[in-house]
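>>> predicted model and sequence below, questions to follow.
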Amino acid sequence: MDGRVTSLASRKSTAIAPSRRALVTGGSGFVGSHLCEKLLAAGHEVVCLDNLVTGHRSNVAHLAASPHFSMVIADVVDPVALDVDTIFNLACPASPIQYQKSPIDTLKTNVMGAANMLELARNKGARIFQASTSEVYGDALVHPQKETYWGNVNSFGPRACYDEGKRCAETLFYDYHHRFGVDIRIARIFNTYGPRMNREDGRVVSNFVVQALTNEPITIYGDGSQTRSFCYVDDLVSGITALMSRDDAPTSPVNLGNPAEFTVRELADLVVSLTGSRSPIIHLPLPLDDPRQRRPDISLARSCLDWAPRVQPIEGLVRTIAYFDSVLSGTDLKETAS
Ligand code: NAD
Ligand code: UDP
């Protein structure tokens with residue numbers, strides 16, 4: 001990274017020289033790094049704010065040479081003063097294994113982080129985006145999930161720090177919009193995968209791809225009949241930027257995901273076949289409160305944003321496999337990840 005890295009850890013409210021620019025919290029994580037890249041390519045000035053709990057400098061190292069990119073090492077739990085006109089609030093570990101490592105920090109990140117970013121948006125008159133999640137639907141009793149479904153979430157379990165934190169963040173967005181007129185956008189993001197996922201992330205796509213490429217056992221939790229719908233990261237980022245760039249976009253939550261639904265067993269078989277792996281498949285216990293099925297109804301995003309995913313699952317998996325292959329063989333493909 002270059003010399004424009006600033007640490008705010010000991011200076012809780014530091015103003016940065018005024019200019020028109022976008023703040024991306026969680027910008028050195030998986031989705032955030034792709035978003036920073038797309039915003040820079042579209043001519044925005046980008047400030048990436050991250051505490052590096054699951055993100056890595058290497059995800060944005062290829063952006064550091066740009067005079068329009070800067071990085072701030074800080075925690076969204078602390079208030080921050082930055083001159084920005086657009087805020088993308090993505091800070092939060094997304095993988096169950098990662099967000100359950102420090103559940104109280106996860107909850108604080110979701111709730112206090114959202115409140116701090118909303119205060120910043122209110123002070124600056126900035127439009128603000130919240131990375132919400134399909135987890136607000138919990139172990140859904142309605143399938144596929146529409147935005148009007150209120151969900152089935154356990155508030156007293158290992159996933160609650162994330163699910164309830166994200167639900168509370170949505171409530172804060174609602175109240176800042178209705179009380180103070182803050183210009184909000186919320187995406188309920190369904191399982192997203194692609195290059196720059198951390199190999200230690202713990203989510204199913206990165207686990208299966210890394211296991212297959214190293215001929216290690218593929219770990220299916222439970223019997224593998226649970227379903228998920230997987231969205232390639234470029235499609236998600238297009239949805240996020242469409243939601244933020246349109247003045248007429250909904251201020252209510254919008255599902256973003258790929259409706260192509262797979263059982264976990266089908267995903268394992270597909271990854272084995274695409275990699276030509278010799279990995280055996282093994283079964284491990286299903287984690288507590290693991291949702292049974294997930295598929296987004298994306299009719300709202302189609303009609304309001306003219307958005308739909310374009311990358312077919314096999315194409316996305318092939319690109320992701322190529323990325324992890326390069327990581328495992330020591331050839332860095334981060335810059336050309338998309
Ligand atoms: P990630 O773990 O790769 O990235 C999260 C980033 O946030 C990391 O860079 C991390 O260091 C940073 N971060 C975490 N806590 C922070 C804090 N307190 N202060 C500052 N930075 C902090 O995860 P991701 O997959 O890129 O997810 C990005 C966002 O999208 C998250 O908010 C997540 O909840 C949401 N989301 C992702 C998915 C998905 O499938 N990828 C699905 C639903 C929602
Ligand atoms: N899963 C699995 N093996 C793994 C990782 C995950 O079978 O190595 C399962 C997990 O139990 C869940 C699904 O795959 O049913 C998706 O898990 P992930 O952690 O990717 O995301 P979630 O949607 O549960 O947040």
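In hand now; what should we look at? Ligands and ions are numbered 1, 2, ... in the order given.
>>> alpha carbons only for contacts and neighbour counts from here, please
Will do.
>>> ok, residues contacting stretch 139-158?
Stretch 139-158 is contacted from outside by 100, 103, 136-138, 160, 163-164, 253-255, 288-298, using C-alpha atoms under 8 Å, 6 or more residues apart in numbering.
>>> show the buried residues in those residues.
100, 103, 136-138, 160, 163-164, 253-255, 291, 293-298 (16 or more other C-alpha atoms under 10 Å).
>>> rewinding a little: which ones among the contacts of stretch 139-158 also lie next to ligand 2?
residue 290 (C-alpha under 6 Å from any ligand atom).
>>> in helices, which of the buried ones among the contacts of stretch 139-158 fall?
Under the assignment DSSP state H, those contribute 103, 160, 163-164 to helices.
>>> so can I have TSV of those showing pLDDT?
Shown next, in TSV, are these (pLDDT from 0 to 100):
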residue	pLDDT
103	98
160	98
163	98
164	98
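>>> out of these, who's nearest ligand 1?
Using C-alpha to the nearest ligand atom, residue 163 is the member of these that sits closest to ligand 1, with 9.1 Å.
>>> who's in contact with that closest one?
Residues near residue 163 by C-alpha under 8 Å, 6+ apart: 133, 135-136, 138, 153.
>>> repeat for residue 230
Neighbouring residues of residue 230 by C-alpha under 8 Å, 6+ apart: 190-193, 257-261, 313.
>>> which element is residue 216 on?
Of the helices and strands defined by DSSP states H and E, none includes residue 216.
>>> ok, now which ones touch it?
Taking C-alpha under 8 Å, 6+ apart, we find residue 216 in contact with 279-280.
>>> pLDDT score for it?
pLDDT for residue 216: 98.
>>> confirm for me that residue 250 is in contact with residue 129.
No. Contact between residue 250 and residue 129 fails when scored by C-alpha atoms under 8 Å: they sit 11.5 Å apart.
>>> name the residues contacting each of these two.
Here residue 250 and residue 129 have residue 185 as joint contacts, going by C-alpha under 8 Å, 6+ apart.
>>> those two - which one has more neighbours?
residue 129 (27 against 18; other C-alpha atoms under 10 Å).
>>> how near is the more buried one to residue 229?
According to C-alpha to C-alpha, to the nearest Å, residue 129 stands 23 Å off from residue 229.
>>> over to residue 299?
Per C-alpha to C-alpha, residue 299 is found 15 Å from residue 229.
>>> who's more crowded, the two?
More neighbours surround residue 229 than the other of residue 299 and residue 229, with 20 against 17 (other C-alpha under 10 Å).
>>> please name the bridge partners of the more buried one.
For residue 229, the beta-bridge partners are residue 261 (DSSP bridges).
>>> do I have it right that it meets residue 266?
No. The pair residue 229 / residue 266 is not scored as a contact, 11.6 Å apart, by C-alpha under 8 Å.
>>> which parts of stretch 60-72 are buried?
In stretch 60-72, the ones that count as buried by 16+ other C-alpha under 10 Å are 60, 63-64, 69-72.
>>> buried residues in stretch 135-146?
135-140, 145-146.
>>> which two from the residues you listed end up farthest apart in space?
Spatially, the most separated pair among the buried residues of stretch 135-146 is 139 and 146, at 13.7 Å (C-alpha to C-alpha).
>>> three-state assignment of residue 140?
Here residue 140 is recorded as coil under DSSP: H, G, I helix; E, B strand; the rest coil.
>>> equivalent analysis for residue 148, please.
coil.
>>> what parts of the chain come near ligand 2?
For the chain, the residues in contact with ligand 2 (C-alpha under 6 Å from any ligand atom) are 95-96, 191, 202-204, 207, 219-221, 226, 264, 286-287, 290.
>>> could you flag which of those are buried?
Buried residues within the residues of the chain next to ligand 2, defined by neighbour count using 16+ other C-alpha under 10 Å: 95-96, 191, 202-204, 207, 219-221, 226, 264.
>>> sorry, back to before: just give me the closest of the buried residues of stretch 135-146 to ligand 2.
residue 135 (7.1 Å).
>>> neighbours of residue 94, how many?
Residue 94 has 22 nearby residues by other C-alpha under 10 Å.
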